[in-house]
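Chemist: what's the 3D shape of this:
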Amino acid sequence: MPVPFSFDQWDKIKEDYSRWWAGELTRPLIQVVLHGREPGRKAPALPFHWFTAFYDLDIPAEDVVDRWDYELSCCEYLGDGFPHALPNFGPGVVAAFLGAHVENGKDTVWFFPEKDEEIEDIRFQLEPDNCWLARVKDICRAANERWEGLVQIGMTDLGGNLDILSAFRPGEKLLLDLYDHPDAVKDVTWDAHEMWWRAFDEINEVLQPVNPGYTAWTPIYSEEPYYILQCDFCYMIGPDMFDEFVKPELAASCRRLKNAFYHLDGPGQLPHLDSLLEIDELRGVQWVPGAGQPAPVEWPGVYRKIRDAGKLIQLWGGLEELNRMVEHLGSSEGIIMLTSAGISEQNEVESFLKEYGAL
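Modeler: Just a heads-up that it's a prediction; the model follows:
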């Protein structure tokens, strides 16, 4: 039994998401994945790993994609949901494309420099025969051959540019560099920017035009180039340093993307929100409070600020949290909710979607 989706359904997805990006959709986008469907096929021997980097490089890309196919076949896609897969090699995999050592942890992937270099000596160049970049492209190619555009393949988690740089200047080294060698940091940041975009373009050459459109590690669909940008490193710096070292590169990437979001991760990034919202080309914000913090819906002031700046909002949580957010903001326009439920909850989910006109 194939992945339970059709190309006719893709036509509706493309229409509604295009209207949402344009500010013409008078309802929220509600992307629901129901787990627990009978897949109608035997499970592959290859186990499922959320991080694709956990698979040995000698495992055929087709086997990885077959495992993904099984997982997707165990789901139903309701509302504005659609089948999508992510070649997930860890946050900031561009560091590996630039020669960093890849180390699989218990539940994530880490990147470490092969040698210790001072900031003035670091020069970034995308390695043409890099095994990790080749692996990402091989898996994307195998996925397109398997599904022929029925499943959306997301851009791998390329990372934020100062996050990439921090892989080569770990610990407190990069923080000290901001004080001691600010010009060198800026030079290397722009080198990373160009390499980031070269990787983005090379991978998209494999994905397009078969891929239905663009998604990233957060699967907000767009027919035009989209990515969710980030800089987790800026948790450790103040607004002045953010404006000097982070914002210019972020703004440049927003200008190169038709639809750019920002991953605002944790209370330590809230001091940068006003500055972020000044970037005209930034289309929306994903707020993630982080472990140990109140749920996203408990931060209405953050979402009001994003809404008042004319930006789109991506919300995590259950369906009832969408209701609470709509109460806080006064309307549901410009919101996308990504959520999941069990197949046994299908009737309740469908009733909820009908209330918002998403079914």
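Chemist: low-confidence ranges, the stretch 201-350 of the chain, go.
Modeler: The stretch 201-350 of the chain contains no residues with pLDDT under 70.
Chemist: please enumerate the helices of it.
Modeler: With DSSP state H, counting those that start in this stretch as the definition, the stretch 201-350 of the chain shows helices at residue ranges 239-241, 247-256, 273-277, 300-308, 319-329, 346-355.
Chemist: out of those, which is closest to Glu205?
Modeler: For Glu205, the closest of the helices of the stretch 201-350 of the chain is helix 247-256, at 15.8 Å, according to CB to CB. Where you see a C-beta, it was placed from the backbone N, CA and C, and this is true even at glycine.
Chemist: out of the helices of the stretch 201-350 of the chain, flag the one nearest Lys14.
Modeler: Across the helices of the stretch 201-350 of the chain, Lys14 has its closest neighbour in helix 346-355 (18.5 Å, CB to CB).
Chemist: list the buried residues for the closest one?
Modeler: Buried residues in helix 346-355, defined by neighbour count with 16 or more other CB atoms under 10 Å: Gln346, Val349, Phe352, Leu353.
Chemist: what about the first one, distance to Gly90?
Modeler: As defined by CB to CB, to the nearest Å, Gln346 lies at a distance of 34 Å from Gly90.
Chemist: can you give me the strands in the stretch 101-250 of the chain?
Modeler: The residue ranges that make up the strands of the stretch 101-250 of the chain, judged by DSSP state E, counting those that start in this stretch, are 101-104, 109-112, 152-153, 226-229.
Chemist: so who does Glu249 touch?
Modeler: The neighbourhood of Glu249, defined by CB atoms under 8 Å, 6 or more residues apart in numbering, consists of Asn161, Thr189, Trp190, His193.
Chemist: restricted to buried residues, select the residues you listed in PyMOL.
Modeler: What follows is the PyMOL syntax selecting those of these that are buried according to 16+ other CB under 10 Å:
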select buried, resi 161+189+193
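Chemist: for Ala43, what are its contacts?
Modeler: Ala43 sits next to Tyr70 when contact means CB under 8 Å, 6+ apart.
Chemist: show residues contacting stretch 204-215.
Modeler: 10, 13-14, 82, 84, 86, 137, 140-141, 144, 148-149, 152-155, 221-227, 259.
Chemist: how far does it stretch from one end to the other?
Modeler: For stretch 204-215, the first-to-last residue distance is 11 Å (CA to CA, to the nearest Å).
Chemist: how about it: buried residues?
Modeler: Using 16+ other CB under 10 Å as the burial criterion, the residues of stretch 204-215 that qualify are Val206, Leu207, Val210, Asn211, Pro212, Gly213, Tyr214, Thr215.
Chemist: same list (those) but as a markdown table, adding distance to Lys311.
Modeler: Output for the buried residues of stretch 204-215, formatted as a markdown table (distance: CB to CB, whole Å):
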| residue | distance to Lys311 |
| --- | --- |
| Val206 | 31 |
| Leu207 | 27 |
| Val210 | 31 |
| Asn211 | 26 |
| Pro212 | 25 |
| Gly213 | 21 |
| Tyr214 | 19 |
| Thr215 | 19 |
